[in-house]
Structure formats: structure tokens, C-alpha cells
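>>> I would like to see how this sequence folds:
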Amino acid sequence: MTAIEFENISKQYRLGLVSTGTLSHDLNRFWQTKVLRREDPYLKVGEVNDRAHKGASEYVWALKDINFKVEQGDVVGIIGRNGAGKSTLLKLLSRVTAPTTGTIRARGRIASLLEVGTGFHPEMTGRENIYMNGAIMGMSRAEITRKLDEIVDFSGCERYLDTPVKRYSSGMTVRLGFAIAAHLEPEILVVDEVLAVGDAEFQKKAIGKMQDVSRGEGRTVLFVSHNMGAVRNLCKTGVLMDQGKIQLVDSTENVVQKYISGYDTKCRSKEWPIKNKDVTITGIKILNEDHPDNQTIDMTDSTKIQIFYNVKQDISNTNISFTLFKDGVDLFHSWDVDFSPELLECRKKGNHLTEFNLPKNLLPGTYDISLGIGIPKVGAIDQQNHCIAFQISNMYTEETKKGFARGGLIKADIKWRDTLL
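Sure thing, here's the model as predicted:
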């Protein structure tokens with residue numbers, strides 16, 4: 001049975017203005033679309049939503065001609081670069097906003113977790129928000145009460161249950177939000193990249209719960225994430241989006257491989273603007289220390305990673321995380337406080353550079369990097385997921401005879417000893 005169907009879905013936005021710009025045009029739009037039931041006369045052709053470049057048109061298509069179906073009980077992972085239209089698609093499904101053209105058919109109750117604090121009233125307590133969210137989903141007070149203990153236990157927020165949500169940290173808010181969305185028995189669970197705010201323990205619990213909801217209870221899950229490992233483990237089907245359009249709907253493995261193959265591996269540095277946050281990641285550079293002028297990095301070269309960040313005011317209890325992926329597989333994580341615990345005590349106001357060398361056990365292939373700055377066991381302050389990619393080659397060595405080309409994820413220099421017994 002089909003649980004969700006997207007038919008010719010498009011969503012257009014006008015940059016800078018909410019209306020058409022004039023009262024007469026607004027009245028004309030209302031008359032044509034609401035009274036005469038005709039097409040919007042101001043619906044211009046518009047441009048593709050390429051956020052990296054300035055366009056000539058003031059109209060952009062956040063989504064364009066989206067068509068696909070989701071079967072009941074399926075777990076669908078939606079991936080793509082920032083600005084691809086993933087969150088817009090989920091907002092349309094959750095009825096946060098309406099499509100410009102097309103029809104969405106969904107069978108059953110939908111529970112959505114689109115961003116931190118979705119559906120929460122900040123002045124209400126955690127308990128009151130649980131009942132309010134359940135009522136919005138059409139559940140009776142008795143049904144919500146029956147699930148209350150499970151929700152509170154899963155969220156780990158029992159001590160703060162009768163405290164206004166405005167006093168919750170972002171990590172606590174997303175814990176409670178996910179617990180509500182997952183436990184109030186929706187037929188369709190919609191989860192955006194909010195799980196990245198939670199700590200590792202909560203992410204593991206959340207993914208486990210989504211597996212239970214889909215496999216054990218036969219409910220449908222739509223999952224947006226930049227974590228390819230989580231998408232691989234959780235999802236049966238993948239949807240790859242780019243610039244508001246669907247590039248591929250296929251098995252999760254094929255979709256992830258298609259996404260990774262689109263990385264620009266020649267770009268060795270990136271910069272980002274300072275945000276209105278306590279700490280902001282502002283740049284990254286990948287340096288070949290042995291052959292600085294080479295476009296490629298050889299497996300024998302020394303590779304240095306430089307990470308730039310800005311601190312608005314002196315701050316304590318923060319760490320910077322580095323994650324390395326190969327072909328979408330999570331290879332390892334590293335934190336700057338691992339061998340410099342004094343950084344937890346204070347980071348001084350200003351611009352910082354932190355750097356390190358990658359281990360020399362990486363085999364030829366395509367690698368990409370995720371960065372994050374956060375508070376231990378609370379959540380992220382700033383993130384750049386899968387922000388830059390690079391290629392490691394095997395150009396300058398003849399050492400394949402030592403096993404360097406035997407596959408696997410890393411090169412292991414293991415010395416064996418043979419003893420006659």
C-alpha cells in the first residue's frame with residue numbers, strides 16, 4: 001500500500017518579499033487563484049535554486065517537478081547538499097507550507113521533527129507540550145497519558161518535565177521532541193537533520209527507535225541526514241536531491257555512491273562567514289606538506305588539516321570534532337580536547353587556527369570531512385557536514401606487492417613472525 005505520494009510537486013519563493021509587492025497585484029492574485037480557481041498570474045518561470053550564485057530572477061524554485069511514492073513501512077533516506085530542497089519537501093509533507101503546484105497524498109497521522117523546538121510553546125512545560133502535541137495529532141488525553149512514561153523515560157528529561165521548555169538546552173529540546181514524535185503512534189514519522197544536535201548516546205537510541213517503528217510496527221519513516229552511515233544502516237530506499245530536483249531514487253547504497261561521486265575533490269580549502277553564535281567554524285584547508293604544488297595527495301604524503309574558527313567571547317566547555325569518511329563510511333572521529341584538555345577550561349575571544357596531520361594508513365580513494373563545534377554531552381553549536389572532499393592516490397610508489405592494494409578501508413603495516421614449534 002502506498003503511504004505517501006508526491007505528484008508534480010513544485011515550490012516557488014520570491015526572494016526578499018513576501019507578497020507580489022503591490023496591493024493591486026495581491027488583490028488580482030487572490031481573485032484569480034481563490035475565486036476564479038485559475039493559475040497564479042504572477043507565477044514566473046523562475047530560476048533553479050542555486051544558493052551559491054547570484055541570479056537574474058527574483059523568483060526561485062526550491063522544488064521543481066517532484067514525483068515519487070513511498071510504500072507503507074518503508075524507511076526512506078533523503079540526502080543531498082545544503083539547499084537541495086530536502087527540508088522544504090518535508091515541510092510540504094508536514095503541511096507547514098503549501099506547494100505552489102502539485103498534490104501530496106498521505107495516509108495516516110504524521111509526526112514531524114523538522115528543527116529544534118518544532119511544535120513547542122516555549123512558555124509551556126515539557127509535560128504540557130507533550131499533551132499539546134498529542135492533541136494536535138488527534139490523540140485523546142487518555143492515549144497520551146498511557147504513553148507519557150515511555151516518552152519521559154526515552155527523552156531523559158524527567159527532572160525538567162515541569163519546567164518551561166524555553167529553559168531547555170537545544171539537546172534536551174530535541175530529545176523531548178523526538179520522544180514525542182516517535183512514541184505518539186504516528187503512521188508516518190518525518191525526521192530532519194535535528195538528530196545531529198543530540199549526543200552520540202541519544203543518536204544511537206533515536207536510530208534504534210526509528211528501526212523499531214519501521215520494522216516492528218510497520219510505520220513509514222522519512223529521514224533526512226548528512227550522516228551517510230546512519231542513512232545506510234536505517235534506510236531501505238534512498239532519494240538524492242540537487243537544486244530542488246530529484247536526481248535518483250534507488251537502493252540506499254546506489255544513492256549514497258551517486259552522491260559521493262559528485263564531490264569536488266580538487267578544492268583544497270573552504271571558508272564560511274561568522275554566524276551569530278558563540279563559536280563558528282570559518283574555514284578548512286587540506287595541505288600536502290611533502291608536495292605542496294601537486295593537485296593530488298599520494299598515500300605516502302604527509303597530509304595536514306587546518307581548521308579555522310571564531311570565538312565571540314571567552315567560552316568554556318566546548319570541543320571541536322573532526323570526522324573522516326571514505327566512500328560514505330565513517331572511518332574515525334577525533335576531538336581537539338583528546339590531548340589538550342585545557343581547551344575545555346577556556347577558549348579566548350578571537351580567530352583561531354587548529355591543525356593536525358592525518359595518519360599515514362589511508363588507502364587510495366575518495367575521502368570527505370565533517371566538522372563540528374559543540375558542548376560535550378549536550379549538542380552541537382556549529383557544524384559543517386561533509387563540507388570538503390579530497391582524493392588519495394598511489395602515484396609515486398611501487399608497493400602494491402606489500403598489500404597496499406588488497407582492499408579494505410586502511411593500510412595496516414603488520415609485521416608477522418613465524419616460529420617453528
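>>> give the contact list for Val35.
By CB atoms under 8 Å, 6 or more residues apart in numbering, the contact list for Val35 is empty. For every residue, glycine as well, the C-beta is placed using N, CA and C.
>>> Strands of the stretch 151-300 of the chain, residue ranges please.
Along the stretch 151-300 of the chain, the segments classed as strands by DSSP state E, counting those that start in this stretch run 188-191, 220-224, 237-242, 245-251, 269-271, 279-288, 297-298.
>>> any chance of the ones you listed in TSV, with mean pLDDT too?
Converted to TSV, the strands of the stretch 151-300 of the chain look like this (pLDDT from 0 to 100):
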stretch	mean pLDDT
strand 188-191	86
strand 220-224	88
strand 237-242	91
strand 245-251	90
strand 269-271	92
strand 279-288	94
strand 297-298	82
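>>> Dump those into a markdown table; add mean neighbour count as well.
Below are those laid out as a markdown table (neighbours: other CB atoms under 10 Å):
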| stretch | mean neighbour count |
| --- | --- |
| strand 188-191 | 24 |
| strand 220-224 | 25 |
| strand 237-242 | 22 |
| strand 245-251 | 17 |
| strand 269-271 | 13 |
| strand 279-288 | 20 |
| strand 297-298 | 22 |
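>>> Nearest to Gln306, out of those strands?
Judged by CB to CB, the one of those that comes nearest to Gln306 is strand 279-288, at 4.3 Å.
>>> which residues touch that closest one?
With CB under 8 Å, 6+ apart as the test, strand 279-288 has contacts from 268-274, 294, 297, 301-312, 315, 318, 347, 351, 369, 371-373, 381-384, 387-388, 390.
>>> again, only this time at 6 Å
Applying CB atoms under 6 Å, 6 or more residues apart in numbering, the contact partners of strand 279-288 are 268-272, 274, 294, 297, 301, 304, 306-311, 318, 371, 373, 381-382, 384, 388, 390.
>>> likewise stretch 219-236?
With contacts defined as CB under 6 Å, 6+ apart, stretch 219-236 is touched by 3, 72, 74-78, 86, 187-193, 207, 210, 213-214, 252, 256, 328, 330, 385-386.
>>> got the buried residues for that stretch?
Neighbour counts over stretch 219-236 (16 or more other CB atoms under 10 Å) mark 219-228, 230-232, 234-235 as buried.
>>> ditto for stretch 356-368
Leu358, Leu362, Leu363, Pro364, Thr366, Tyr367, Asp368.
>>> Check the gap between the residue lying closest to the first one once chain neighbours are set aside and Ile9 for me.
In space, not counting the residues next to it along the chain, Leu358 is nearest to Thr303; the distance is 4.5 Å by CB to CB, 6 or more residues apart in numbering. When distances are taken as CB to CB, to the nearest Å, Thr303 and Ile9 turn out to be 43 Å apart.
>>> of the two, who's got more company?
Ile9 (24 against 21; other CB atoms under 10 Å).
>>> measure the nearest residue to Trp272 once chain neighbours are set aside to Asn351 for me?
Nearest residue to Trp272, sequence neighbours excluded (CB to CB, 6+ apart): Thr282, at 5.6 Å. Note on Thr282: its distance to Asn351, by CB to CB, is 7 Å.
>>> Any chance you could list residues touching both of those two?
Asn310.
>>> Low-confidence bits of this structure, can you list those?
Applying pLDDT under 70 to the chain flags residues 15-22, 25, 39-58, 115-118, 194-200, 265, 295, 395-407.
>>> For it, which segments are assigned as helices?
Per DSSP state H, the chain carries helices over the ranges 23-30, 86-93, 126-136, 141-155, 170-183, 200-211, 228-234, 252-261.
>>> tell me the most buried of the ones you listed?
helix 170-183 (a mean of 25; mean count of other CB atoms under 10 Å).
>>> now that one: how far from the chain's centre is it?
Helix 170-183 sits 16 Å away from the centroid of its parent chain (CA atoms, centre = their mean, to the nearest Å).
>>> cool, and stretch 333-341?
How far stretch 333-341 lies from its chain's middle: 24 Å, per CA atoms, centre = their mean.
>>> what's the distance between Ile110 and Ala412?
In terms of CB to CB, Ile110 sits 48 Å off from Ala412.
>>> Between those two, tell me which one has more neighbours.
Between Ile110 and Ala412, counted using other CB under 10 Å, Ile110 has the larger neighbour count: 21 against 11.
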